[in-house]
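Engineer: Build me a model from this:
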Amino acid sequence: MSNTTDNSNDTRLSARAAEIADHESAQLVARTQGSKEWYERALRSLPLGVPSSFQAGDPYPIYIERGERIVVTDVDGNDYLDFHGGFGVGICGHAHPAIVEAVSRAVRSGTHFAAPTPVTVELAEELCRRFNLDQVRFANSGTEATMDAIRVARAATGRELVAKIEGSYHGHHDTVMFSVLPNADAVGGRELPPTTPMSLGIPASVAEHTVVVPFNDAQAFADLVAERGDELACLILEPVMMNVGIIEPEPGYLQALRDICDANGIVLIFDEVKAGATVAPGGAQERYGVRPHLACYAKALFGGTPGAAFGGESAVMDIIANGAAQMGTFNGNPMVAAAGLACLTEVLVPEAYDHLTVLGDRLARGCQDAIDATGIPAHTVSLAAKGCVSFRAERSRNYRDFLESKPQLFGAAYPWALNRGLFMTPGDEEQWTLSVQHTEADVDRYVEVFTDFCHALAQG
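Structural biologist: Numbering: from 1, shown residues only. The predicted structure is shown next:
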């Protein structure tokens, strides 16, 4: 097919997507007037009307009142099948009996002491067992976990330079807020130079301590090490990229990074805030068979409560007992620890992953069938509880590939899904999260809605 034909088809699809987006957005506004009222009220007390910028929506976010099993209900009384999953937190679904019981028990016996408790120790032991860690420390969010891991790596190596992957998000602390997709549009575009901070308020000098390399390119990292290896404290990366749809590591890539780091005294950090406990019982380490020096966890591991952790090899973690600060008033509090322990030992048992894999593959296969039947430029990925439709015909291998995707198609798909009772993440860089409480019927409804969208888009 010629470039002219390709461009003509892209123009036609973009025009049709704009028509669908306008029509569906108008319908969405008509059926969510309660959310509009809450948004207008929230603007007086909350910037953007939301507690976190990632929750903002166009023209406003959907305000959720309650959730049960896999259904969330907004303030207008509209029910949705939840495939958003709280950006990956909701692998247990809503109000899972085991989590309700664990949290209720903790509330009755005390939610906070700022002192160690037995349940915190039990959770630490389970994390070490499940994720192949020698030692672990707790935090309260993925941002805190990656921030602490980087500090520990710097302390352990006596070096200051941090390497990260182009386009990856590792939380909103200053060191890693370079070459990040989330918020890039707000500060100037998705193809900004790697030295451009993705937020106002970050000192220009911070860029001197952060360098960027592409994903799935071990040679690029080796070249960086050859040039600046004696300055590098660590390389932090998502072992499977999850803020650009989903991009898997190519065979041998992660092991090559580990080998390069070992040979040069560099700490390899896996950011498994999204992948941990969603892509396999033992996270990406188990799925791809490579152990980092440190790994970071949050989201799905804590039963919907605000918990996080990082840990790894004793040779690195020992620095915490020898001068590297790591603290937090709420770290490992008994309520979060109880929810996390119940999540990992009572809900996310081995057979849960059999169920999640069957559902995820069924969902991705159904969506791919619709893509193939209509010729929409998109592809699917399925990794147990996580999966996505990404609007690029070929699978991506790095951030530059993702930049070729077509966000305007997602802009039409998002209100289309909401209007048909599917609750979705509000960005084309995100994924679906399945829970243990989803069923084949829930997945089939998603496929039905997406198939209808593909046909509506293709017929324009």
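
Engineer: per-domain residue ranges of the protein.
Structural biologist: 3-91+349-458, 97-347 (automatic domain parsing).

Engineer: Counting neighbours, which bits of the longest helix belonging to the chain end up buried?
Structural biologist: Looking across the chain with DSSP state H, the single longest helix is helix 3-31. For helix 3-31, the buried set under the neighbour-count rule, 16 or more other C-beta atoms under 10 Å, comprises 13-14, 16-17, 20-21, 24-25, 28. In short, each C-beta sits where N, CA and C put it, glycine included.

Engineer: so what does that helix touch, helix or strand wise?
Structural biologist: helix 407-419, helix 440-458 (3 or more C-beta pairs under 8 Å, 6 or more residues apart in numbering; DSSP states H and E).

Engineer: Tell me which of those sits most buried.
Structural biologist: Across the helices and strands packed on helix 3-31, averaging neighbours per residue (mean count of other C-beta atoms under 10 Å) puts helix 407-419 on top, at a mean of 22.

Engineer: which helices and strands does that one pack with?
Structural biologist: If you count contacts as 3+ C-beta pairs under 8 Å, 6+ apart, helix 407-419 packs onto helix 3-31, helix 440-458.

Engineer: any chance of the helices and strands packed on helix 3-31 in JSON lines, plus distance to residue 155?
Structural biologist: Shown next, in JSON lines, are the helices and strands packed on helix 3-31 (distance: least, C-beta to C-beta, whole Å):
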{"stretch": "helix 407-419", "distance to residue 155": "40"}
{"stretch": "helix 440-458", "distance to residue 155": "46"}
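
Engineer: So for residue 383, which of the ones you listed sits nearest?
Structural biologist: Among the helices and strands packed on helix 3-31, the nearest to residue 383 by C-beta to C-beta is helix 440-458 (15.0 Å).

Engineer: Can you tell me what sits against that closest one?
Structural biologist: By C-beta atoms under 8 Å, 6 or more residues apart in numbering, the list of residues contacting helix 440-458 from outside reads 13, 16-17, 20, 70, 81, 83, 358-359, 362-363, 366-367, 369-371, 373-376, 389, 409, 412-413, 416-417, 420-422, 432, 434.

Engineer: Just the buried ones among those residues, please.
Structural biologist: 13, 16-17, 20, 70, 81, 83, 359, 362-363, 366-367, 370-371, 374, 376, 389, 409, 412-413, 416-417, 420, 422, 432, 434.

Engineer: coming back round to it: comparing the helices and strands packed on helix 407-419 by mean pLDDT, which bottoms out?
Structural biologist: Mean pLDDT per stretch puts helix 3-31 lowest among these, at a mean of 89.

Engineer: roughly how far is that helix from the heart of the chain?
Structural biologist: When C-alpha coordinates are averaged (C-alpha atoms, centre = their mean, to the nearest Å), helix 3-31 and its chain have centres 27 Å apart.

Engineer: pull the CA atoms of the following helix or strand past that helix into CSV?
Structural biologist: Downstream of helix 3-31, the next assigned helix or strand under DSSP states H and E is helix 33-42. Taking C-alpha atoms only, helix 33-42 is exported to CSV below (Å, rounded to 0.1, in the frame of the first residue of the first chain):
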residue,chain,number,x,y,z
GLN,A,33,-24.8,15.9,35.2
GLY,A,34,-24.2,14.9,38.8
SER,A,35,-20.5,14.5,38.0
LYS,A,36,-20.5,17.9,36.3
GLU,A,37,-22.0,19.4,39.5
TRP,A,38,-19.4,17.8,41.7
TYR,A,39,-16.7,18.9,39.4
GLU,A,40,-17.8,22.5,39.5
ARG,A,41,-18.0,22.3,43.2
ALA,A,42,-14.6,20.6,43.5
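
Engineer: I am finished for the moment; much appreciated.
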